[in-house]
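S.K.: I would like to see how this sequence folds:
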Amino acid sequence: MASSKSNKPHPNDKYSFTDFNENKAPINLSLAPYWFLVFLRIALIFIPQDGYIHPDEYFQSLEILNSDIFNVASIRPWEFNSTYPIRSVALPYVVMGFPLFLLKSIAPFLNLWFNMKIITPYTLLVVPRLACCFLSFVTDYCMYRICCLYRQNYRSRLLTLASSYVMLVYSTRTFTNSIELALASYLIYLVSYCMAKSDQVIYQEEYYHEKYKQADNMKDKIKFHRLRVSLPWHTFANVFYIATVTVLGVFNRPTFFAFAFPPIFFWLLRGMGSHLIGFTDFNIRMFALFLCSIPSMCLMVAVDSYYYEQLTFRDFAHRRVSLWSKIVFTPFNFITYNLDWRNLKEHGIHPRYTHFLVNIPLLFNVLGVSGLIGFLHILYRAFMRRWSSLPRVQSIIGLMTSSFVIPITLLSAIPHQEPRFLIPVTLPLVFLHSQRIRSISESSSVVSKKENGYTAFLKAKVKPDTRNGLLTTWYIVNIIFSVFFGFVHQAGVYNLVDHLSKEIQTKPRLTTIHLVTSHMYPLPISLLQLKFGSAATVHFTNSTRRFQRSRDVYTYELGTASMESVTDKLAELLQTSEQSWKEKRLKYRLYHACPGTLKTDFELACLTHKMTAKVERVFHRHFSAEAMPYENLNNLFDQLSLVLYRLSPRET
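M.R.: Take a look at the predicted model:
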């Protein structure tokens, strides 16, 4: 374990510096390209991005929030059932629910004053995403502050960070992973600040302590003793904030344990190895961290218990709070559920190496590969017992390396592995390896610049070198994935919802709509703002009468069912609807939506069921892995679409 006696740079730690004071006046470098990428991140929200990455971006956030706030019909996932909930609602309500509350509050006034209806699928999609977008800038801010704190090239790191499609697409979606990214970044910044502060204070404290012992008269002893006592207290620096962020992250996603472990360990380890810091300080810090986590933990438990109707204000008033029967502790439920192998099989089992060999390159392309190669170099040096060439235990490089490698290793133990689970490692990965893909690590390509007493290391050529293959690959791959996940992958789903919303508003009264979907992601029906059944129940305070709006929109999700099963379901609905029309004169509209790759198969299947399938609308830019394009790519544009059919009996 390295000693904290001196702040001299370690010969094998290329990111060590002699002074850990935070740079209050960093070099004024041009950040115009970065600000363009910031504008692009926000602008892509309003276009909007109609790509659909994963059902969880709706069904673990918007479907719940829209149902609760607007009192509309939604598909409520099993994770939020009141009997055994495994998801906390507190942070999604704060981040995404609060903007929706504001939208709901101003909607009546805009409708009254300007005859504007602002609660539409577009606003219900954009407003929460805008909140997540603003939250994503926490990562940018933390990157900038850490670079200033340790005198690193913040410009190159901010450009790399902002140009990543992880920030342009993933971080602006309504995933709980987006919240996890911001919390993990902020936690790393808090610990980085504490490490820098402790290094400086311990160095000065040891210096004064040594001078105190060397003093040969009482006057000098008193002088150095006072100087030592006047040093700022660093042992519990930011302990409350670190504890609170950790608790919030764990309740948001219990996998936050993996991302919080390295920073917290480094926070506990500060100064270990010096003459003034020992294991007693380590244990005291751990105890203080536990105490400071209690208030936020109690708050989160109370919010979840109240939301899931296990705890009421009356229980508090009468002190009828039973720990086992009333309290809802969602992280415990989450962990218990995922410990059962049978539950994980329902979500998909992946090889243990998926995160390292597939998800990291998929998310970060050449930057991720560079990070993995750097990790292999560390393993090789450790295997060869070249301990002096490893990053120092208490250095910023040690913190960032651990914050990148350890979470991925821990999450690899869980067989269900998706790329979005790893987006919280974005900050440490960019901090460590952005210099490599920009080819500014070689001393021959670096120049130093002094300003206001500080030294910054810049690339000799300000303009990006287009001959740099890694940098070019970085930009090209991120552009491709930004377009694919932002505007192509399952993009027809949102456009279908938007079209269906207009169809519902313009349809004749007493007309029932049936929509059958297959080989595509499920529809987030809360965007339709449907109110029927219990969602439309009106209660009168002076009467026991209740009125319910009859249901007139039905959706059927058939997943990857065979085309024969799909047409059987459509034929059944068509027969029932025709019977209602003949007996009760109730009009209907029967639709089916499927990818363009299944267009021919579906139309042929309709012929055998004596149904007429008329193309109502074609939504282009739709890729569905459930129905991949054919080997013949001559009509690829037509295949990358979502086709909406209207079904009717075939005329004889």
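
S.K.: what's the local residue count around the nearest residue to His499 once chain neighbours are set aside?
M.R.: Spatial nearest neighbour of His499, excluding adjacent residues (C-beta to C-beta, 6 or more residues apart in numbering): Arg617 at 5.9 Å. Yep, even glycine has a C-beta here, placed from its N, CA and C like the rest. Residue neighbour count, defined by other C-beta atoms under 10 Å, stands at 18 for Arg617.

S.K.: so Arg617 makes contact with Leu500?
M.R.: No: at 9.9 Å, Arg617 does not count as touching Leu500 under the criterion of C-beta atoms under 8 Å.

S.K.: model confidence over the one helix or strand the residue nearest to His499 maps to, on average?
M.R.: Element membership of Arg617, judged by DSSP states H and E, is strand 611-620. Across strand 611-620, the average pLDDT comes to 94.

S.K.: pull the distance from that strand to the chain's centre.
M.R.: Centroid separation for strand 611-620 versus its chain: 36 Å, with C-alpha atoms, centre = their mean, to the nearest Å.

S.K.: output that strand as PDB - backbone C-alpha positions only.
M.R.: The C-alpha trace of strand 611-620 is given here as PDB (Å, rounded to 0.1, in the frame of the first residue of the first chain):
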ATOM      1  CA  MET A 611     -60.100 -11.600 -44.800                       C
ATOM      2  CA  THR A 612     -59.200  -8.500 -46.800                       C
ATOM      3  CA  ALA A 613     -56.100  -6.800 -45.500                       C
ATOM      4  CA  LYS A 614     -55.800  -3.200 -46.700                       C
ATOM      5  CA  VAL A 615     -52.600  -1.200 -46.000                       C
ATOM      6  CA  GLU A 616     -53.700   1.700 -43.800                       C
ATOM      7  CA  ARG A 617     -50.300   3.200 -43.200                       C
ATOM      8  CA  VAL A 618     -46.600   2.400 -43.600                       C
ATOM      9  CA  PHE A 619     -44.200   3.700 -41.000                       C
ATOM     10  CA  HIS A 620     -40.700   3.600 -42.400                       C
END
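
S.K.: that one - contacts with which helices or strands?
M.R.: helix 492-506, helix 563-584, helix 599-608, strand 641-649 (3 or more C-beta pairs under 8 Å, 6 or more residues apart in numbering; DSSP states H and E).

S.K.: try it again with 10 Å
M.R.: Here strand 611-620 touches helix 492-506, helix 563-584, strand 587-595, helix 599-608, helix 636-639, strand 641-649, going by 3 or more C-beta pairs under 10 Å, 6 or more residues apart in numbering; DSSP states H and E.

S.K.: can you give me the buried ones in the fourth one?
M.R.: Yep, that's helix 599-608 we're talking about. By neighbour count with 16 or more other C-beta atoms under 10 Å, helix 599-608 contains the buried residues 599, 601-603, 605-606.

S.K.: ok, the third one next?
M.R.: Applying a neighbour-count criterion of 16+ other C-beta under 10 Å, the buried positions in strand 587-595 are 588-595.

S.K.: which one of these is nearest Met167?
M.R.: Distance to Met167 across these (C-beta to C-beta) is lowest for Pro595, with 29.2 Å.

S.K.: surely that closest one meets Ser624?
M.R.: Yes: using C-beta atoms under 10 Å, Pro595 makes contact with Ser624 at a distance of 4.4 Å.

S.K.: tell me where the model's unsure across the stretch 401-550 of the chain.
M.R.: Counting by pLDDT under 70, the ranges of the stretch 401-550 of the chain that qualify are 439-467, 533-549.

S.K.: that one: strands as residue ranges?
M.R.: Ranges of strands within the stretch 401-550 of the chain are 446-451, 454-459, 511-517, 538-539, 546-547, based on DSSP state E, counting those that start in this stretch.

S.K.: what helices or strands is the longest one leaning on?
M.R.: By that I understand strand 511-517. Applying 3+ C-beta pairs under 10 Å, 6+ apart, one finds that strand 511-517 contacts helix 492-506, strand 553-557, helix 563-584, strand 587-595, strand 641-649.

S.K.: and those as CSV, adding distance to Ser156?
M.R.: Listed next are the helices and strands packed on strand 511-517 as CSV, based on distance: least, C-beta to C-beta, whole Å:
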stretch, distance to Ser156
helix 492-506, 35
strand 553-557, 46
helix 563-584, 52
strand 587-595, 41
strand 641-649, 40
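
S.K.: so which of the ones you listed comes closest to Phe282?
M.R.: For these, proximity to Phe282 was assessed by C-beta to C-beta; helix 492-506 is nearest, at 51.0 Å.

S.K.: just checking, what packs against that closest one?
M.R.: Judged by 3+ C-beta pairs under 10 Å, 6+ apart, the packing partners of helix 492-506 are helix 121-149, strand 511-517, strand 553-557, strand 587-595, strand 611-620, strand 641-649.

S.K.: same list (the ones you listed) but as a markdown table, adding distance to Asp304.
M.R.: Compiled in a markdown table, the helices and strands packed on helix 492-506 are given as follows (distance: least, C-beta to C-beta, whole Å):
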| stretch | distance to Asp304 |
| --- | --- |
| helix 121-149 | 20 |
| strand 511-517 | 33 |
| strand 553-557 | 29 |
| strand 587-595 | 36 |
| strand 611-620 | 38 |
| strand 641-649 | 37 |
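
S.K.: what's the neighbour count on Ala196?
M.R.: Counted with other C-beta under 10 Å, Ala196 comes out at 22.

S.K.: assumed it was part of a strand.
M.R.: No: Ala196 sits outside any strand when classified using DSSP: H, G, I helix; E, B strand; the rest coil, being helix.

S.K.: ok, back up a step: show me the beta-bridge partners of the residue nearest to His499.
M.R.: Beta-bridge pairing for Arg617 (DSSP bridges): Leu644.

S.K.: so can I have TSV of the helices and strands packed on strand 611-620 showing distance to Glu205?
M.R.: Shown next, in TSV, are the helices and strands packed on strand 611-620 (distance: least, C-beta to C-beta, whole Å):
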stretch	distance to Glu205
helix 492-506	59
helix 563-584	73
strand 587-595	67
helix 599-608	74
helix 636-639	68
strand 641-649	66
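
S.K.: report the buried residues of the strand holding Arg617.
M.R.: Across strand 611-620, burial judged by 16+ other C-beta under 10 Å covers 611, 613, 616-617, 619.

S.K.: how about stretch 489-509?
M.R.: In terms of neighbour count (16+ other C-beta under 10 Å), stretch 489-509 has its buried residues at 489-501, 503.

S.K.: how about stretch 37-55?
M.R.: Going by neighbour count (16+ other C-beta under 10 Å), the buried part of stretch 37-55 is 37-38, 41, 44-45, 48-55.

S.K.: quick check: end-to-end length of it?
M.R.: With C-alpha to C-alpha, to the nearest Å applied, stretch 37-55 spans 27 Å between its terminal residues.

S.K.: tell me the phi and psi of Pro33?
M.R.: Dihedral pair for Pro33: phi -60, psi -40, per degrees, to the nearest 10.

S.K.: likewise for Leu344?
M.R.: According to degrees, to the nearest 10, Leu344 has phi -70, psi -30.

S.K.: ok, it - contacts?
M.R.: Going by C-beta atoms under 10 Å, 6 or more residues apart in numbering, Leu344 touches 337-338, 350, 414-416.

S.K.: buried ones among these?
M.R.: Of the contacts of Leu344, these count as buried by 16+ other C-beta under 10 Å: 338, 350, 414-416.

S.K.: distance to Cys132 added to those, as a markdown table?
M.R.: Below are the buried ones among the contacts of Leu344 laid out as a markdown table (distance: C-beta to C-beta, whole Å):
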| residue | distance to Cys132 |
| --- | --- |
| Asn338 | 25 |
| His350 | 26 |
| Ile414 | 25 |
| Pro415 | 28 |
| His416 | 23 |
